[in-house]
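Asker: okay, sequence plus prediction incoming.
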Amino acid sequence: MSKIVALANDTTALNLSLTGVKVEEPLDIKEAEARCDALMQDGLDLLIVEERLRDAFSERMRERLARHIGEPLIVFCPAFDEEDTDVDSYLSSIIKPAVGFEIRLG
């Protein structure tokens, strides 16, 4: 059984929890960094981190995330409550490099 955990707040946390993903809602950035660090060593398959949290992490933690290889796979999720999020271009920027061609969702 796969183990998936998300670090998110507010609407993003609610939306992810509605999909059945276990969500942890840190109270502040210091707690978010500590939980992210612990979860990276916890034998997870997938760790989802809300982009707003990642952007607020210390430079040391952002570098650690950028250098991370292996398990868990770390995915950054945009906030669902942002009105200006262009989902199609975001998905295209993720999918195209991975599969080598563009997939358009209709």
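Answerer: That came in fine, so what should we check first?

Asker: only C-alpha atoms for contact and neighbour calcs from this point on.
Answerer: Noted.

Asker: can you classify residue 42 as helix, strand or coil?
Answerer: Three-state assignment for residue 42 (DSSP: H, G, I helix; E, B strand; the rest coil): coil.

Asker: count of neighbours near it?
Answerer: Neighbourhood size, residue 42 [other C-alpha atoms under 10 Å]: 12.

Asker: any idea how far residue 35 is from it?
Answerer: Distance from residue 42 to residue 35, counting by C-alpha to C-alpha, to the nearest Å: 10 Å.

Asker: quick one: residue 22 and residue 5 touch, right?
Answerer: Yes: the criterion here is C-alpha atoms under 8 Å, and residue 22 meets it with residue 5 at 5.0 Å.

Asker: more crowded one of these two?
Answerer: Higher neighbour count among residue 22 and residue 5: residue 5, with 21 against 14, using other C-alpha under 10 Å.

Asker: phi and psi next, for that one.
Answerer: As for residue 5, its main-chain torsions (degrees, to the nearest 10) stand at phi -130, psi 140.

Asker: what do you get for residue 7?
Answerer: Backbone geometry at residue 7, expressed as degrees, to the nearest 10, gives phi -110, psi 110.

Asker: so what's residue 74 closest to, chain neighbours aside?
Answerer: residue 47 (4.8 Å; C-alpha to C-alpha, 6 or more residues apart in numbering).
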